[in-house]
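Chemist: Okay, predicted coordinates and the sequence, questions at the end:
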Amino acid sequence: MAESITIKKPFDSHLHVRQGAMLRAVTPISAAKFAGALIMPNTEPPIETVEQAAAYKKEVLAAVPGEITFEPLMSLYLTKNLKPSEIEKGFAGENGMKVFAVKSYPYGATTNSQWGYRSILEAQDVLKKMEEIGMPLLLHGEVHLNDHDEEEDPYDAERMFIADVLPRLLETYPKLKVSLEHMSSAEAIDFMEKNGEAGKLVTTVTPHHLMYDRRHAFSGGYRALLHCKPLIKTAHDRERLRYMVKKGLPFVSAGTDSAPHPEAKKFSSCCAFGVFNAPVALEMYAQVFDEIGALDKLEAFLSLNGPQFFGVEPSTETITLLKKDWQVTEPVVTEEDIKVWSVGDAKHGLGNEMLHWQVQQ
């Protein structure tokens, strides 16, 4: 049984770093363990122009320690203000500013999703342009509201999207490059195993959907650190997800969806959506792949498949993980003295939680 593994430094296909003091606190954590990341655009205000993306990239890079190489790939938010011409300009890399993807959030479904369309299918002009130029579309694949503006069951949201919206999207735009983000349900897994294709229709998987199921989320009361969209699903869904990543499919990659929130928002009656996992994501991935006997598939999942989809080279650096027990016991603290708690924390997680792999220092 392996006691260590060395792989190319990973790429995170789905990362939130927020803004300001929060960004400055969390960005170095991801940069230390990942060679680059696709940066999510659901800031406030949203990133919907190339100029805003350039300014945001500058802010991210300013937070990366000087001795570390970290490449943030920028994306635009699919708001009703997003213009096809802006997408074309960004994808062409005019004035040295390349935009790698457009992210779609269903209106009202998650953090800062109030600028999204109710349905991705409403954005015809944008989708046509994206299909024409080859710009990837990153999907938060859930149905949040029905035609009568009534809330749908959030545990069914991804299943409903897979059953109806995604097939219509792919039929209407057959050449569109699509990534189904943070897949969490057996129905989505079935669809991707049947239809996934490297460079065309891909998916990302989070560490928390691989590690936990609904029993954990409600163990000893609702676990705020596991409150996210898509919601943590059943044990069956988790096992199906593990079985899929074990196959080493070339269209499946790591997207942590690390999403930090201040302590006051996370431990509130209106608990904010988002799992902050940057301090433990890489280690959790290694632990899961070890548990399922698939460490030989870890490098492709973490370091190769994501960069391939976005047309960038994988890192030439390496990182080593050791099989060693450890615990997260302290929060990340911003310069404004705001605490941000990581999933897996020994106190606020499931209770005395132990991780079994650690990045070699």
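Modeler: Sure thing, it's come through.
Chemist: What residues of the lowest-mean-pLDDT helix or strand in the chain count as buried?
Modeler: Among the helices and strands of the chain, helix 214-217 carries the lowest confidence by mean pLDDT, DSSP states H and E, at a mean of 86. Residues R214, H216, A217 are the ones in helix 214-217 that count as buried (16 or more other C-beta atoms under 10 Å). (Glycine included, C-beta is placed from N, CA and C.)
Chemist: First-to-last residue distance for stretch 286-304?
Modeler: In stretch 286-304, first residue to last residue: 15 Å (C-alpha to C-alpha, to the nearest Å).
Chemist: go on, stretch 72-92?
Modeler: 17 Å.
Chemist: in the stretch 51-200 of the chain, which ranges drop under the pLDDT threshold?
Modeler: The stretch 51-200 of the chain contains residues with pLDDT under 70 at 108-116.
Chemist: And the strands in it?
Modeler: Along the stretch 51-200 of the chain, counting by DSSP state E, counting those that start in this stretch, strands occupy 71-77, 99-104, 137-139, 178-180.
Chemist: Tabulate these (JSON lines), appending distance to D237 and mean neighbour count.
Modeler: Shown next, in JSON lines, are these (distance: least, C-beta to C-beta, whole Å; neighbours: other C-beta atoms under 10 Å):
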{"stretch": "strand 71-77", "distance to D237": "27", "mean neighbour count": "23"}
{"stretch": "strand 99-104", "distance to D237": "22", "mean neighbour count": "24"}
{"stretch": "strand 137-139", "distance to D237": "18", "mean neighbour count": "24"}
{"stretch": "strand 178-180", "distance to D237": "15", "mean neighbour count": "25"}
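Chemist: Could I have the CA atoms of stretch 215-226 written out in PDB?
Modeler: C-alpha atoms of stretch 215-226 as PDB (Å, rounded to 0.1, in the frame of the first residue of the first chain):
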ATOM      1  CA  ARG A 215     -25.900  11.300   6.900                       C
ATOM      2  CA  HIS A 216     -22.800  13.400   7.600                       C
ATOM      3  CA  ALA A 217     -24.500  16.700   6.800                       C
ATOM      4  CA  PHE A 218     -27.100  16.000   9.400                       C
ATOM      5  CA  SER A 219     -24.900  14.200  12.000                       C
ATOM      6  CA  GLY A 220     -25.600  15.700  15.400                       C
ATOM      7  CA  GLY A 221     -27.600  18.500  13.900                       C
ATOM      8  CA  TYR A 222     -27.100  20.300  10.600                       C
ATOM      9  CA  ARG A 223     -23.400  20.700   9.700                       C
ATOM     10  CA  ALA A 224     -23.000  24.300   8.500                       C
ATOM     11  CA  LEU A 225     -19.500  23.600   7.000                       C
ATOM     12  CA  LEU A 226     -21.200  21.100   4.600                       C
END
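Chemist: tell me what the top strand by length along the chain is packed against?
Modeler: When the chain is parsed with DSSP state E, its longest strand is strand 318-326. Counting contacts by 3 or more C-beta pairs under 8 Å, 6 or more residues apart in numbering; DSSP states H and E, strand 318-326 packs against strand 4-8, helix 281-291, strand 355-359.
Chemist: Just give me how far whatever helix or strand comes next after the longest one sits from the chain centre.
Modeler: Downstream of helix 281-291, the first helix or strand assigned by DSSP states H and E is helix 298-299. Once both centres are worked out by C-alpha atoms, centre = their mean, to the nearest Å, helix 298-299 turns out to sit 17 Å from its chain's centre.
Chemist: How about stretch 317-336?
Modeler: Counting by C-alpha atoms, centre = their mean, stretch 317-336 comes out at 19 Å from the chain centroid.
Chemist: Redo the strands of the stretch 51-200 of the chain as JSON lines? Include distance to I47.
Modeler: Below are those laid out as JSON lines (distance: least, C-beta to C-beta, whole Å):
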{"stretch": "strand 71-77", "distance to I47": "5"}
{"stretch": "strand 99-104", "distance to I47": "9"}
{"stretch": "strand 137-139", "distance to I47": "13"}
{"stretch": "strand 178-180", "distance to I47": "17"}
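Chemist: right, and the ones you listed - which one's nearest V50?
Modeler: Nearest of the strands of the stretch 51-200 of the chain to V50, taken as C-beta to C-beta: strand 99-104 at 6.1 Å.
Chemist: tilt between that closest one and strand 71-77?
Modeler: 40 degrees (axes from the mean of the first three to the mean of the last three C-alpha atoms, to 10 degrees).
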